[in-house]
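Undergrad: model the following, please.
(chains A, B and C)
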Amino acid sequence: MKDNDIKIGVYICHCGTNIAGTVDVENVRDSVVDAPYVSISRDYKFMCSEPGQELITKDIRELGLNRVIVASCSPLMHELTFRKTCEKSNLNRYLFQMVNIREQCSWVHKEMKSATEKASALVYAAVCRVVHQKPLETVHVKINSNTLVVGGGISGIQAALEIGESGNKVYLVEKDSTIGGKMAKFDKTFPTLDCSACILTPKMVSVAQHENIELLSCSEIENVEGSIGNFTVKVRKKARYVTDKCTSCGDCVQVCPVEVPNPFEENKSQRSAIYKTFPQAIPNTYLIEKEDRPPCRETCPISQEAAGYVALVAQRRFEEAARLIRQQNPLPAVCGRVCYHPCESECNRQFVDESVAIKNLKRFVIDWEMRQKGRPRPPKIEKKRPEKIAIIGSGPSGLACAHDLALQGYKPVIHERLPVAGGMLAVGIPEYRLPKKLLNYEIDYIKKMGVTIKTGLALGKEFTIEDLFKQGYKAIYIATGAHKSLKMKIPGEEKFKGVYHGVDYLRNINLGKSQPVGERVAIIGGGNTAIDASRTALRCGAKEVTILYRRTRKEMPAEEYEIQAAEEEGVKIQYLVAPVEVLGKSGKIVGLRCIKMELGEPDSSGRRRPVPIEGSKHDLSFDTVIIAVSQAPEIDFIDRKALFELTKWNTLKVNQETLETNIEGVFAGGDVAWGPATVIAAMGDGKRAAEVIEKYLNGEPLKDFKTRRPKTLPKRDKDCRPHSYAPRFKDTPKKERAAMKERMPYTRRNDFEEVELGFFEEEAVREASRCLNCGICIECHECERVCEAKAIDHHMEDEIEEINVGQILIATGYNTLNSDSLVPYGYTEFENVYTSLEFERIVNSTGPTQGKIIMKDGKEPRAIGIVHCVGSRDINNHPYCSRVCCMYALKFAHLIQDRTNAEVFQFYIDMRSFGKGYEEFYSRILEEGVNVIRGKVAEVVKCGWSKQDEGALLIRCEDTLTKKYREIPVDMVVLCNAIEPQPDAEKIRRLFSISQSPDGFFLEKHPKLDPTATATDGIYIAGCCQGPKDIPDSVAQASSAAARILAHIAKGEVEVEPIQAYIDPELCAGCRLCNDLCPYRAISFIKEENISRVNEALCKGCGTCVASCPSSAATAKHFSDKQIFAEIEGILK
Amino acid sequence: MEYIYYPGCSLEASAKGYDQSFRFVFKELGLELVELEDWNCCGATYYMATKETVSLVISARNLALAEKYRGDLIAPCSSCYTILYKTNHILKNNPIMRAKVDQALKRDNLAYSLSLKIRHPLEVLVNDVGINTIASQARFRLDGVKMAQYYGCQIVRPDRGLDDKENPQMMDSLFEALGVENVYFPMKVRCCGGMLMTTYPDVGLELNKDILECAYENEADLIVTTCPLCQINVEAYQDKINKKFKSNFHIPVLFFTQALGLALGGTPKDLGLDRSLISFRLNKNSVEATR
Amino acid sequence: MNRKKQELKIPGALGKKERELRDLFLLQVSNIPGGESIKKCIQCGSCTGSCPVSYTMDITPREIIALFRAREIESILSSRTIWICASCYACTVRCPQGVQVTDIIYTLKRLALDKNIFPKRFPVYALSKSFVAITNRYGRSYEPGLILFYFLKTNPLKLMGMIPLFLRLISKGRIGFVPKKIKGTKTFSEILKEAEIMEMVVPVRE
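TA: Numbers count the residues shown, from 1 in each chain, chains lettered A, B, ... in the order given. Below you'll find the predicted structure:
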């Protein structure tokens, strides 16, 4: 069509006086008569009327118009009307342009002159624009018949059921563990007073049973893509830790030792970590609430569930505790005594006062077990594995490894160099710290599981790695420890009698060889070995024992409590002194030549390096010297033929994760791999080795296989909490840590009897009760034990499910105003001030008081004040009316009168009993004799001044009808606190790209004519997320939303404006800039032609590509640069 | 930056102790303080009640004078603080008023260009110096002393966003940091009746009876306040109250700067404690009123 | 009564006096930052409930606004309520509609003084007057003078009751014998004169 054929018709609407009142329509009409291409310009009273439209069709027919402009109201009102009119006379709807001279002119201007000018300008702009408009074809999009409903409250349930009934699929996503929402908490519902549960639960059940409804509980929306017709939604399904096998028998609750406040009861009662929100919950299964796992467990090399058995001890369930301990730990009696307990150093309790005495509690539990139950019976092992496994070294690492392998059905054989089993546990740790008897019990226990221990066989001497393979062993674990004392390499060290070395000395003592000591013994070193040696020397008859350490006490690696114990027993310690020579006469020691030290720069270990002070040499006289500076693996024993790779510290080189050595099938762990470390670390390696060997023998690949190692935990401080229900550490009441009783120093230093005496039952229970049960579920696995359906899985993890739907209904409900902020109402101060939801639970027969309306002290209140408009109709909080308070307040009044003799006072500003049967309900309550006082409560205070006194509460207000200031004494106050948007409304808004009104609720498309749709096509809202509502309104809105959704599904497709982007293949340079910029991934690159192309089905016409295209090849249909510039110029003319 | 000190009429007379202790505390904490030269009455509440423009003019005169200095204007008297603050606020928001006031000030070649910030010493100490700093500079701790923190009305109201208007915390946390045991005191922002004590004594006495009773019930050794009018009402009328209500109140009422001054090592003389009508002895961990 | 009658004749009409008071009142209210919020009062009475002295008022703070709406400003001015207000602002901070109650009461006090409409047995006015007199003279207030002035004007006998307290205050050096003056008393009164004139200037309302 050439330009000069263009014929424009302009029509100015009076809209009665709406426009004509302030705009001189004739003037506007004439202003464009002579404008280019305008063939006719008319004005008419109502263009939208039949005759009005007739005008247009007639002109199109007779004058052959091919462009039409109507200047009237907002396009929201009548654009479609006129587009249809044009189409009736075969004029493409996109050749029509609408000008808004009502909302944007007549209604906002007072003076006719300016209004008229503006109107003319707008119309002229349209004339200029319409010239460039092109005919376009509307696009049709298929509707995916699946629907997503977000939120399982009454609205969500209603909508889901209605859509499901129509035979279409519904995904119902609920954040909480059950559907039912707030309504599930209510007791009765106004005005009919029928029981909330009775009318709600049948609907909940039918949701569960409905074949078209897929319920995703404990789930939240992660991401939403696409647009009406086909949305792609990512849903995070949070782990319940209970599978569908759950029969909801509730046995687990009986055994769960954890108690946390129950949010469903508004924290007015406690619940266990494994729970079901309420009896009729849907889905009808239990779940476990877990937050970050307890630090004690996370940091333990064998991931012992410390918090678990501590909680059980607190409940005097010692047998269960022992069972739990043994599950992970083959050497509990040992660990209960000599573990260096990383758990305690990470224990959260230390941020309150002191960490929980976990080690001592473990010892208590095992001692108790021995006393009560005798020696434990090892578990029956069903599995049988043929493969032979050799373990070298019977220390903690070897034993732990053997234990775990035995559990898997293997029959490992331990080869031990020494005549006794137990490694360092047997020959390194003195009797008085770890009685051999107990150690042997544990070794027997492991043997009974089918583990063989051959003593007196040293690798490299009696046998080699090769031999073992020849003997048919399929895998070998080397855990020979670090038994070699390091020399100091000072003159005289080797020369004289009476010089011993730490570990050797202890070994020989433990093996019963005599190690004579003189009267004045010097111990050199500051580690646990040094301390052990010193205390042992005392027990062997030394008169005076002195430890010489080259740093200060602060740097001493030995455990503080052991240093103290040694000092109590009379051991002296000299700091900042180092021997440089052993002095002797005629083959016997006479003393040490020492030099004073001072602390210099920190070394690799972070401790300050000691440096000798010049000319500070001095002699000390001793007759025995025990050098306990350090120890190392005895690599020389390990057969060289095998050619092990070694580290620069002369330890076996192993793979950090899999403990593999460089030799196939040979693994190594514990001190031999890492150098001298701790019992528990060695055990950790042993267990990891077992895990790896299992895999290895199953022929699974070990490459990038990860074994569990202790986690380094995030920094915490006094402001953190153990879990979200608990108070901050700094607000947690302090409680003293139970001290371990010991034998008197002067008696104990004379023999090898155990020094520590253990806890009494009461002590243990009290100490255990200090645990903060971090992370809520502390993984005592009791639920797992009692669950007959085997439905519990503590290792479950969150899943992400992707679902495709055509339309989405958001029904995320509301939140109630946090009453803490309302100081004058004393909610935080007085215990008998309740919020409305709390009171709903109080009056609910399944609630914390079984429906009895009683005060904290259990007495029945004499009078109750119900306060309306708490935070509603208040510019300091929410200016809007919460709409339901008046009615539920009346309901409360009725229930109170019904169940108690209490006087009820209603304090209202305006009684809003709109709605069917509401006013009748009001008058019924009045008949029942409730005192209604018109006046907003100003404040709630205590009668009498001091906080303690039991005095009643005083409500201060004006009785505005008697015009009197009144103070009314009551026992209980119920606050009708405002309804407000969910705290995460903002997040939801962004996810679904809808909008919120100033009050924070989701914004509907039109407040009157389209209350359920949103500005975003295909996304609807229902219930209180759109604004405060009662149940009937929520249900009605939900149904209407369902109807809207079904209408689209029925039609199968929707028309969408063809205002997508278009890329001119002629101009496109193929730079692909737009490809990544497009938020809807609607632009793809066509290799062959080296251009980008828009996929019209996906394009939303946002214009990003248009703006970004360097060669301006991209244009937006119906909004081309030409059209927009023309329009602007038009206005400026 | 220096602070411009606007004493106000009562700090020259009935609240001399406030003036002394205030100066002492600021000196101890190393804050620079200059008294506003030739200040005049702030116009106080009763002037407000007679002639609006006039009252604004006379308090604006102070602002105009203060603008010649560099710094914020500090008014310890709650009522001066409120009036000056309000004047500043009105002049900022109401051009007509401002025009009228300027016109009047011209007579003394004065002009006010709205640049001032009006502040209360309590808030200055808490926000500019900081509670921790103050605590660290304290020479003595007030461990175990039981105080009722009486803010009165005009320091938190009308709401200027200084502190919670229903349950202010500034003084509580300040003295808590010094070891004080703050007693439960729901009357902390209750009104002392101000001039009602003179105009409608019955009402005034009753209000103050409640305040004293509350402090007594909760076993406070001291009442601490920020306002001269509160101080004199609560302190000076105890006898009258006892007579009227057959009560037996005898409790010292200090300005918060006096209590703070003690912790900073001031002598009773430095802090004008010798001026209080109810003398008391400050023992270790307790305060006992002496008759 | 006949005022009412006449109002009944012409819908929306106001008595001459009421009209005058109303205009003055609204003008003053418009000077209060946020003063217009008086129109938004929902008559909830939280002002009264928050007021520590409302129990002794003859009309409640809420009623003040009710009466204003009922076009009975005169009866507000003659109430003792506005004079009992100790301006503690409790009502203002709690008002759910942001009505500046305390400041509104100030304007009412001014209006009352201006129009000489007072309750029976009314002492406060005297206090204000004496206060003003002293401040005008010295530029600063002088408490003892103030009290003296006040009781002489109202009830000299009451003065006796004050003497013991005075003596104690004097002994503690909390009362000066001579009022403190400002230097520029002369220019000060200059300013005051001008201010008085300004007080009269009533800007035209559009």
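Undergrad: show the end-to-end separation of stretch A:415-435, please.
TA: End-to-end span of stretch A:415-435 (Cα to Cα, to the nearest Å): 23 Å.
Undergrad: mind checking how far it is from the chain centre?
TA: With Cα atoms, centre = their mean, to the nearest Å as the basis, stretch A:415-435 stands 45 Å off its chain's centre.
Undergrad: let me see the mean pLDDT of it.
TA: Averaged across stretch A:415-435, pLDDT comes to 94.
Undergrad: mind listing what's buried in it?
TA: For stretch A:415-435, the neighbour count (16 or more other Cβ atoms under 10 Å in any protein chain shown) marks A:415-418, A:420-434 as buried. Glycine gets a C-beta too; all of them are placed from N, C-alpha and C.
Undergrad: tell me which of those residues fall in helices.
TA: For the buried residues of stretch A:415-435, the ones inside helices are A:Met424, A:Leu425, A:Ala426, A:Val427, with DSSP state H as the criterion.
Undergrad: wait, the first one touches A:His483, no?
TA: Okay, so that is A:Met424. Yes: under the criterion of Cβ atoms under 8 Å, A:Met424 makes contact with A:His483 at 7.3 Å.
Undergrad: for the closest residue in space to A:Glu767 that isn't next to it in sequence, helix, strand, or coil?
TA: Spatial nearest neighbour of A:Glu767, excluding adjacent residues (Cβ to Cβ, 6 or more residues apart in numbering or on different chains): A:Ala738 at 4.0 Å. Here A:Ala738 is recorded as coil under DSSP: H, G, I helix; E, B strand; the rest coil.
Undergrad: gap between A:Ala738 and chain C?
TA: As judged by Cβ to the nearest Cβ, to the nearest Å, A:Ala738 and chain C stand 51 Å apart.
Undergrad: which residues touch that residue?
TA: Going by Cβ atoms under 8 Å, 6 or more residues apart in numbering or on different chains, A:Ala738 touches A:Ala357, A:Asn360, A:Phe759, A:Glu763, A:Ala764, A:Arg766, A:Glu767.
Undergrad: helix or strand for the second one, just tell me which one.
TA: When secondary structure is defined using DSSP states H and E, the element that contains A:Asn360 is helix A:358-373.
Undergrad: now do that helix: which elements does it pack against?
TA: Applying 3 or more Cβ pairs under 8 Å, 6 or more residues apart in numbering or on different chains; DSSP states H and E, one finds that helix A:358-373 makes contact with helix A:306-314, helix A:318-328, helix A:332-338, helix A:342-346, helix A:761-768.
Undergrad: how about a cut-off of 10 Å?
TA: With contacts defined as 3 or more Cβ pairs under 10 Å, 6 or more residues apart in numbering or on different chains; DSSP states H and E, the packing partners of helix A:358-373 are helix A:306-314, helix A:318-328, helix A:332-338, helix A:342-346, helix A:436-448, helix A:761-768.
Undergrad: picking up where we left off before, and which of the contacts of A:Ala738 is nearest chain B?
TA: Taking Cβ to the nearest Cβ as the measure, chain B lies nearest A:Arg766 of the contacts of A:Ala738, at 29.4 Å.
Undergrad: ok so, going back, ok, and of the buried residues of stretch A:415-435, which contact chain C?
TA: Restricting the buried residues of stretch A:415-435 to those touching chain C (Cβ under 10 Å from any Cβ of the partner chain) yields no residues.
Undergrad: anything in contact with each of A:Met424 and A:His483?
TA: Jointly contacting A:Met424 and A:His483 under the rule Cβ atoms under 10 Å, 6 or more residues apart in numbering or on different chains are A:Gly393, A:Gly395, A:Val503, A:Arg507, A:Gln631, A:Asp671, A:Pro676.
Undergrad: chain neighbours aside, what residue packs nearest to the fourth one?
TA: Take A:Arg507 and drop its neighbours on the chain: the residue closest to it by Cβ to Cβ, 6+ apart is A:Val427, 4.2 Å away.
Undergrad: thought that neighbour was touching A:Val420?
TA: Yes: using Cβ atoms under 10 Å, A:Val427 is in contact with A:Val420, at 7.0 Å.
Undergrad: for chain C, give me its nearest residue in the stretch 1001-1133 of chain A.
TA: Taking Cβ to the nearest Cβ as the measure, the stretch 1001-1133 of chain A has A:Pro1028 as its residue closest to chain C, at 16.7 Å.
Undergrad: residues near that residue, how many?
TA: Number of residues near A:Pro1028 (other Cβ atoms under 10 Å in any protein chain shown) recorded here: 21.
Undergrad: for it, list the residues it contacts.
TA: Counting by Cβ under 10 Å, 6+ apart, A:Pro1028 touches A:814, A:872, A:878, A:880-885, A:978-981, A:999, A:1001.
Undergrad: and these, which of them are in strands?
TA: A:Tyr814, A:Ile979, A:Glu980, A:Pro981 (DSSP state E).
Undergrad: burial check on the second one, number of neighbours?
TA: So that's A:Ile979. 26.
Undergrad: how far away is it from A:Phe351?
TA: Counting by Cβ to Cβ, to the nearest Å, the gap from A:Ile979 to A:Phe351 is 37 Å.
Undergrad: same check on the third one?
TA: Between A:Glu980 and A:Phe351 the computed distance is 34 Å (Cβ to Cβ).
Undergrad: more neighbours, these two?
TA: For A:Glu980 and A:Phe351, the more surrounded residue by other Cβ under 10 Å is A:Glu980, and the numbers stand at 23 against 19.
Undergrad: does that one touch A:Phe1001 like I think?
TA: Yes: the pair A:Glu980 / A:Phe1001 is scored as a contact, 8.6 Å apart, by Cβ under 10 Å.
Undergrad: shared neighbours of those two, which are they?
TA: Residues touching both A:Glu980 and A:Phe1001 by Cβ under 10 Å, 6+ apart: A:Tyr814, A:Tyr880, A:Cys1024, A:Pro1028.
Undergrad: distance to B:Ile118 and pLDDT for these - can I get that in JSON lines?
TA: JSON lines is the format used below for the shared contacts of A:Glu980 and A:Phe1001 (distance: Cβ to Cβ, whole Å; pLDDT from 0 to 100):
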{"residue": "A:Tyr814", "distance to B:Ile118": "42", "pLDDT": "97"}
{"residue": "A:Tyr880", "distance to B:Ile118": "35", "pLDDT": "97"}
{"residue": "A:Cys1024", "distance to B:Ile118": "45", "pLDDT": "97"}
{"residue": "A:Pro1028", "distance to B:Ile118": "41", "pLDDT": "97"}
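Undergrad: how about the residues of the stretch 1-150 of chain A that lie near chain B?
TA: The stretch 1-150 of chain A comes close to chain B at no residue, as judged by Cβ under 10 Å from any Cβ.
Undergrad: now the residue in the stretch 1-150 of chain A that chain B sits nearest to: closest residue in space, sequence neighbours ignored.
TA: Closest to chain B within the stretch 1-150 of chain A is A:Lys110: 24.5 Å, counting by Cβ to the nearest Cβ. The shortest distance from A:Lys110 to any non-neighbouring residue, by Cβ to Cβ, 6+ apart, is to A:Thr22 (7.2 Å).
Undergrad: for the one you found, what are its contacts?
TA: Contacts were defined as Cβ under 10 Å, 6+ apart; by that measure A:Thr22 touches A:101-102, A:105-116, A:119.
Undergrad: can you list the residues of chain B near chain A?
TA: So chain B meets chain A at B:159, B:164-167, B:183-187, B:210-211, B:213-219 (Cβ under 10 Å from any Cβ).
Undergrad: and those, which of them are in helices?
TA: Counting by DSSP H, these place B:Asp210, B:Ile211, B:Glu213, B:Cys214, B:Ala215, B:Tyr216, B:Glu217 in helices.
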